[in-house]
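*Asks:* Predicted model and sequence follow; I will ask about them next.
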Amino acid sequence: MQARVGDVLIVHGHVVGQGDRKGEIIEVRGPDGTPPYVVRFEDGSEHLVFPGPDAVVQPA
């Protein structure tokens, strides 16, 4: 997985009825665009994220 600042990280819900979480990648800490990423989610919270197989990057 590779991303750039400004891309959107989408983490799909694990449980029926649980929605996806979307957030803007505000910092890329791995080499060549690889994780971990600092992500600002829609609720305003910021987290260091190591995306799993349930996540996709949507280019800006």
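*Replies:* Great, that's in hand.

*Asks:* Please make it C-alpha for all contacts and neighbour counts, starting now.
*Replies:* OK.

*Asks:* So for the protein, the centremost residue is which one?
*Replies:* residue 9 (3.0 Å; CA atoms, centre = their mean).

*Asks:* need the contact list for it.
*Replies:* If a contact means CA atoms under 8 Å, 6 or more residues apart in numbering, then residue 9 has 22, 23, 24, 25, 39, 55, 56, 57, 58 as its contacts.

*Asks:* Distance of it relative to residue 46?
*Replies:* For residue 9, the distance to residue 46 equals 12 Å [CA to CA, to the nearest Å].

*Asks:* who touches both of the two?
*Replies:* residue 39.

*Asks:* hang on, the earlier thing: now the buried members of the contacts of residue 9.
*Replies:* 22, 23, 24, 25, 39, 55, 56, 57 (16 or more other CA atoms under 10 Å).

*Asks:* Can you tell me how far the third one is from residue 15?
*Replies:* In this view, residue 24 and residue 15 are 23 Å apart by CA to CA.

*Asks:* With the second one instead?
*Replies:* Using CA to CA, one gets 19 Å for the distance from residue 23 to residue 15.

*Asks:* for stretch 30-48, which positions count as buried?
*Replies:* By neighbour count with 16+ other CA under 10 Å, stretch 30-48 contains the buried residues 35, 36, 37, 38, 39, 40, 41.

*Asks:* What residues does the fourth one make contact with?
*Replies:* It refers to residue 38. Taking CA under 8 Å, 6+ apart as the contact definition, residue 38 lies against 25, 26, 27, 28, 29, 46, 47, 48, 49.
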